[in-house]
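> Fold the following, please.
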Amino acid sequence: MKQKHAADPLSAADRELLNLIQIDFPRTSRPFAELGRQLGLNEAEVLSRLKELKADGIIRRIGGIFASEKLGFVSTLVALQVEESVLEEVAAAVSSYDGVTHNYERRHKFNLWFTLVAASDEDLRRILNEVSRLPGVAALRNLPAVRLFKIGVNFDLSGGET
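A predicted model of the protein is given here:
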């Protein structure tokens, strides 16, 4: 495997692996072995690289993207206005809900945003009510999607121009 450069945290093999898992993840009983076959690595090497990339914060998770509404779930984007002094505590509390898929800070009056998937409208309202009452939450905006324009983003990490 090609060595990484100090200014670039990714080797060429890491970049190729990341491209494959984003765009063409194998749907087989041994997907990491198949990725290894495509990259000239063994299954253990692929798993080791992915574990290191996760530990380095390059990737957060590997998983499928489902059309939650087609499975009977409801979802929304939520914007919170949170006192700066308790932002990390509120973010941790929000992240503790199973249905939170993204949770991030923004430089804005509404400084904490997250996406939430719930089994029903009732569950969604209950969770939003609980979150709105967390200490330090000044305001909550429920921003459900009206129309979906994109489902995901793929980053070409090959180093070439796109």
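> ok, residues contacting the longest strand that the chain contains?
Identified as the longest strand of the chain according to DSSP state E is strand 74-82. Residues outside strand 74-82 that contact it (Cβ atoms under 8 Å, 6 or more residues apart in numbering) are 68-69, 90-91, 94, 99, 109-121, 123-124, 128, 131, 136-145. Backbone N, C-alpha and C define where each C-beta goes, glycine included.
> List only those of those residues flagged as buried.
Buried residues within those, defined by neighbour count using 16 or more other Cβ atoms under 10 Å: 68, 90-91, 94, 99, 110-118, 124, 128, 131, 136-137, 140.
> you'd agree residue 43 is up against residue 29?
No - with contacts counted by Cβ atoms under 8 Å, residue 43 stays clear of residue 29, the gap being 11.7 Å.
> The two: which has the busier surroundings?
Set side by side, residue 43 and residue 29 show more neighbours around residue 43, with 15 against 7, by other Cβ atoms under 10 Å.
> on that earlier part again, give me the sheet partners of the longest strand of the chain and which way each runs.
As defined by DSSP bridges, the strand partners of strand 74-82 come to strand 112-118 (antiparallel), strand 137-143 (antiparallel).
> Go through those and name the closest to residue 56.
When the strands paired with strand 74-82 are compared by Cβ to Cβ, strand 112-118 sits nearest residue 56, at 23.9 Å.
> I'd like to know the average pLDDT value across the closest one.
Averaged across strand 112-118, the pLDDT comes to 96.
> quick one, the helix or strand just after that strand and strand 74-82 angle?
Once the chain leaves strand 112-118, the next helix or strand it forms, by DSSP states H and E, is helix 121-132. Orientation check (axes from the mean of the first three to the mean of the last three Cα atoms, to 10 degrees): helix 121-132 against strand 74-82 gives 10 degrees.
> And helix 121-132, what does it pack against?
Where contact means 3 or more Cβ pairs under 8 Å, 6 or more residues apart in numbering; DSSP states H and E, helix 121-132 is packed against strand 74-82, strand 112-118, strand 137-143.
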